[in-house]
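Asker: Next come a sequence and a model predicted from it.
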There are 2 protein chains.
Amino acid sequence: MISIRDVAKMAGVSPSTVSRVMNGTAKVNEEKRQRVLNVIKETGFKPNETARSLYKKSARIIGVILPNIQNPFFNGMAQAIEEEAYSRGYRLMLCNSDNNLEKEKNNIDLLSRMNADGIILLTNQDGIRETIEKCKVPVVILDREVKADNQVACIRSDHYKGGRLAAEHLVRCGCRKIVNMRGDQALSSARDRFEGYLEICRKYEMAPCYIDCRYSFREGLKKTEEILKLYPDVDGIIAGNDMVAMSVYKVLSKKGYRVPEDVQIIGYDNISLSELMTPELTTIAQPISDMGRASARALIDYVEQKSNEDNYHFDVELIQRDTTIMKEGGSRK
Amino acid sequence: MISIRDVAKMAGVSPSTVSRVMNGTAKVNEEKRQRVLNVIKETGFKPNETARSLYKKSARIIGVILPNIQNPFFNGMAQAIEEEAYSRGYRLMLCNSDNNLEKEKNNIDLLSRMNADGIILLTNQDGIRETIEKCKVPVVILDREVKADNQVACIRSDHYKGGRLAAEHLVRCGCRKIVNMRGDQALSSARDRFEGYLEICRKYEMAPCYIDCRYSFREGLKKTEEILKLYPDVDGIIAGNDMVAMSVYKVLSKKGYRVPEDVQIIGYDNISLSELMTPELTTIAQPISDMGRASARALIDYVEQKSNEDNYHFDVELIQRDTTIMKEGGSRK
DNA sequence: TCATATTATGAAACCCGTTTCAAGTTGATT
DNA sequence: AATCAACTTGAAACGGGTTTCATAATATGA
């Protein structure tokens, strides 16, 4: 492969001059400049990024570590991150963590050894903090709560409000027996949502009624069956997220329940699927793209020493679609 | 950051010896070896990957270029590629191409300048061949047809058979008016499937009946409306892929058609969603994970000069679920 | 016109892990 | 004891773009 020294020789200048022509880092005599440009054009010379990274200690790479690319919530984020990063000249190193601490550590470690400029983390393994602090790469935490020294920003949405919104909406739709399929309480987001739900229970003097259900379709199926056994009079279900809501709908529909007439369902996230499925899913929308974009922006701004806003709290909103319905004789207590 | 030279100094040996200890490339006196290992442990020294890449001309990176990460078909592939790559010590550079030739070229170019070990391409821009040949990085073409000199392998599934299977299944289910929503005929895969469909039309002496519909949910909605206007007697729809099938179902269901009683639907790909949605979708399964894994494997084997199989043709199969139904009085002509 | 300031330019150092090559050491063989 | 082989080890070169620093050349001002 042709190097900058080859180009220099051909153009009768020094490598430094070629570098200056390419990067515009200093003035170069116009005639020499043209000679260099011509040689570059003729030879199709492309500077080696690795060599540049080595000196600059920056590979123009952003590492994105997420549990699973197939999850629509995460890949929605990844999409937005990629767009923002690409437009600013950075590329994405994508790492599936499978919620596996070892894999996460490996990836963070490698990323820092590759001179990655930063890492966007969608995970909340407890043991991870030490690793990310040791590697000293700037980190943005997205949708999770980790808190590390080298954390540049933390991007979250208002889960407490989301929890309230979901519960209150079902109340307003006339549900009298609402079951909350709360997510893994190790996640602060799931805890916040559940708190919001509890507040609404207090407000309307309802006895809280919940079941634990991780954010997975498969578990959603199982837990929905349980709900139907435990609470035969259920008429409203707050699913942990949209995937779970899909599974809830599937089980209900198989058992002959009508949605929303017999049981109403509300999801969470507003992944693109929630609008695509039939019936369209009522859900609490997190601004997934905005959050992804913001995380990339915060990271790159930090790296390029631009802004320094470091705490983003995004708003959520209720999107009413077809799995809930406002009834006439509203049942406000 | 601490370098190999620092470690060497601390252990009282040369950098070469440290390198040899880390990589096991040569025998080192046991006592020195221990000294080096101790220093590495104490300092937490991690060798810089960029420097290694520069010399080795290999970054242990595989570039994956796909139109869109949010598409379940593509992210299913990406997931499998990531798993295979990770297990063999490679990482993924993920690039969204948005079907944008310029972006693809940029990404390929950058990947080669970063000493990426190879590229897996899920795209079929016409203008791309020149770029991938010029960059000289090994390329695996996945699910598409490009043909370039530096192409290591081409991974496809049997679309012709898939097209036949889908059509014949609807025939067997008693459909008399089957409409094929054929995909973009610029894609060889879509052409092959359509050919398969045509063969079944000939076999059963049916007049071919089709409409062009790109692989997108939105377009699926529009084209389904058109179908209902153009062919009010339609009783079987072959969707271009599972996403389109979902949109077909949505429109039919909104208009009061029953599926599969009034109209039967078959999708294509068997993305994970097809089993999750309600009703579960009958579809032609491509072994998405196997294909993704195979592409990574072929690339890495090539890079590491192991095998050299270069043409993979995966089988497809019919997965019957709830959007089609075998009726009693089968209508075999 | 001379002195000083400014600018263009290349040599060399730098980033850091790897590998080559030659020198030094040890041990075996005769 | 002498010779040769085998092995350990470090100095130096390497990969390739960037930057510093000193020099040379030109320009400005007095």
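Answerer: Structure's in. What do you need? Residues are numbered from 1 along each chain as shown, chains lettered A, B, ... in the order given.
Asker: A:Glu309 reaches A:Leu299, doesn't it?
Answerer: No: look at A:Glu309 against A:Leu299 with C-beta atoms under 8 Å: they stay out of range, at 11.8 Å. In this view, the C-beta of every residue, glycine as well, is placed from N, C-alpha and C.
Asker: Wasn't A:Asn107 part of a helix?
Answerer: Yes: A:Asn107: assigned to a helix according to DSSP: H, G, I helix; E, B strand; the rest coil.
Asker: For A:Cys135, see how far away it is.
Answerer: In this structure, A:Asn107 and A:Cys135 are 10 Å apart, going by C-beta to C-beta, to the nearest Å.
Asker: So those two - more neighbours on which side?
Answerer: Ranked by neighbour count (other C-beta atoms under 10 Å in any protein chain shown), A:Asn107 and A:Cys135 place A:Asn107 first, with 25 against 22.
Asker: Isn't the more buried one up against A:Pro67?
Answerer: No: between A:Asn107 and A:Pro67 there is no contact under C-beta under 8 Å: 12.0 Å.
Asker: Return every residue with contacts to both of these two.
Answerer: A:Ser97 (C-beta atoms under 8 Å, 6 or more residues apart in numbering or on different chains).
Asker: what do A:Glu309 and A:Leu299 both touch?
Answerer: With C-beta under 8 Å, 6+ apart as the test, A:Glu309 and A:Leu299 both reach A:Ala153.
Asker: So is the helix-or-strand element of chain A with minimal mean pLDDT next to DNA strand C?
Answerer: In chain A, the helix or strand scored least confidently by mean pLDDT, DSSP states H and E is helix A:128-135, which has a mean of 86. No: using C-beta under 7 Å from any atom of the strand, helix A:128-135 stays clear of DNA strand C, coming no nearer than 13.8 Å.
Asker: more crowded one of A:Glu309 and A:Leu299?
Answerer: Just comparing A:Glu309 and A:Leu299: by other C-beta under 10 Å the higher neighbour count belongs to A:Leu299, 28 against 13.
Asker: How is the more buried one classified with respect to secondary structure?
Answerer: Three-state assignment for A:Leu299 (three-state DSSP): helix.
Asker: for the closest residue to it other than its chain neighbours, phi and psi?
Answerer: Computed as C-beta to C-beta, 6 or more residues apart in numbering or on different chains, the closest residue to A:Leu299 that is not its neighbour in sequence is A:Gly118, at 4.3 Å. In terms of degrees, to the nearest 10, the main-chain angles of A:Gly118 are phi -180, psi 170.
Asker: Run through the neighbouring helices and strands of the helix or strand that contains A:Glu102.
Answerer: For A:Glu102, the host element (DSSP states H and E) is helix A:101-113. When contacts are defined as 3 or more C-beta pairs under 8 Å, 6 or more residues apart in numbering or on different chains; DSSP states H and E, helix A:101-113 sits against strand A:61-66, strand A:91-96, helix A:128-135, helix B:49-56.
Asker: tell me the mean pLDDT over the helix or strand following that helix?
Answerer: Next in sequence after helix A:101-113, counting helices and strands by DSSP H and E, comes strand A:118-121. For strand A:118-121, mean pLDDT rounds to 96.
Asker: before we move on, what about stretch A:61-70?
Answerer: 96.
Asker: Ends of that stretch, what's the gap?
Answerer: Terminal residues of stretch A:61-70 lie 22 Å apart, using C-alpha to C-alpha, to the nearest Å.
Asker: Do any residues in it lie close to chain B?
Answerer: Yes: Stretch A:61-70 reaches chain B (C-beta under 8 Å from any C-beta of the partner chain) through A:Ile61, A:Asn68, A:Ile69, A:Gln70.
Asker: Using a markdown table, lay out these together with secondary structure and distance to DNA strand D.
Answerer: Below are the residues of stretch A:61-70 next to chain B laid out as a markdown table (DSSP: H, G, I helix; E, B strand; the rest coil; distance: C-beta to the nearest atom of the strand, whole Å):
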| residue | secondary structure | distance to DNA strand D |
| --- | --- | --- |
| A:Ile61 | strand | 16 |
| A:Asn68 | coil | 36 |
| A:Ile69 | coil | 32 |
| A:Gln70 | coil | 37 |
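Asker: any idea which of those is closest to DNA strand C?
Answerer: A:Ile61 (16.2 Å; C-beta to the nearest atom of the strand).
Asker: which one of the helices and strands packed on helix A:101-113 lies closest to B:Ala294?
Answerer: B:Ala294 lies closest, by C-beta to C-beta, to one member of these: strand A:91-96, at 18.1 Å.
Asker: Hey, what's the angle from that closest one to strand A:61-66? Just curious.
Answerer: 20 degrees (axes from the mean of the first three to the mean of the last three C-alpha atoms, to 10 degrees).
Asker: Okay, now the sheet partners of strand A:91-96, with direction.
Answerer: Strand A:91-96 sits in its sheet next to strand A:61-66 (parallel), strand B:91-96 (antiparallel), going by DSSP bridges.
Asker: tell me how far stretch A:268-280 is from the chain's mean position?
Answerer: Stretch A:268-280 has its average C-alpha position 17 Å from the chain's average C-alpha position, going by C-alpha atoms, centre = their mean, to the nearest Å.
Asker: Between the two ends of it, how far is it?
Answerer: Stretch A:268-280: ends 13 Å apart by C-alpha to C-alpha.
Asker: Then stretch A:21-31?
Answerer: Across stretch A:21-31, first to last residue, C-alpha to C-alpha, it's 11 Å.
Asker: Show me what counts as buried in it.
Answerer: Buried positions in stretch A:21-31, judged by neighbour count with 16 or more other C-beta atoms under 10 Å in any protein chain shown: A:Val21, A:Val28.
Asker: Now tell me what touches it from outside.
Answerer: A:Thr17, A:Ser19, A:Arg20, A:Lys32, A:Arg33, A:Val36, A:Leu37, A:Ile40, A:Pro47.
Asker: will you turn those into JSON lines that also has distance to A:Leu281, pLDDT and neighbour count?
Answerer: As requested, the contacts of stretch A:21-31 are exported to JSON lines (distance: C-beta to C-beta, whole Å; pLDDT from 0 to 100; neighbours: other C-beta atoms under 10 Å in any protein chain shown):
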{"residue": "A:Thr17", "distance to A:Leu281": "61", "pLDDT": "96", "neighbour count": "21"}
{"residue": "A:Ser19", "distance to A:Leu281": "55", "pLDDT": "97", "neighbour count": "18"}
{"residue": "A:Arg20", "distance to A:Leu281": "57", "pLDDT": "96", "neighbour count": "18"}
{"residue": "A:Lys32", "distance to A:Leu281": "64", "pLDDT": "94", "neighbour count": "17"}
{"residue": "A:Arg33", "distance to A:Leu281": "60", "pLDDT": "95", "neighbour count": "17"}
{"residue": "A:Val36", "distance to A:Leu281": "59", "pLDDT": "96", "neighbour count": "24"}
{"residue": "A:Leu37", "distance to A:Leu281": "56", "pLDDT": "96", "neighbour count": "14"}
{"residue": "A:Ile40", "distance to A:Leu281": "54", "pLDDT": "97", "neighbour count": "20"}
{"residue": "A:Pro47", "distance to A:Leu281": "49", "pLDDT": "97", "neighbour count": "16"}
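Asker: now those in a markdown table, with distance to chain B and secondary structure?
Answerer: Below are those laid out as a markdown table (distance: C-beta to the nearest C-beta, whole Å; DSSP: H, G, I helix; E, B strand; the rest coil):
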| residue | distance to chain B | secondary structure |
| --- | --- | --- |
| A:Thr17 | 21 | helix |
| A:Ser19 | 15 | helix |
| A:Arg20 | 19 | helix |
| A:Lys32 | 24 | helix |
| A:Arg33 | 22 | helix |
| A:Val36 | 18 | helix |
| A:Leu37 | 18 | helix |
| A:Ile40 | 14 | helix |
| A:Pro47 | 7 | coil |
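Asker: Pick out the most distant pair among those.
Answerer: A:Lys32 and A:Pro47 (17.9 Å).
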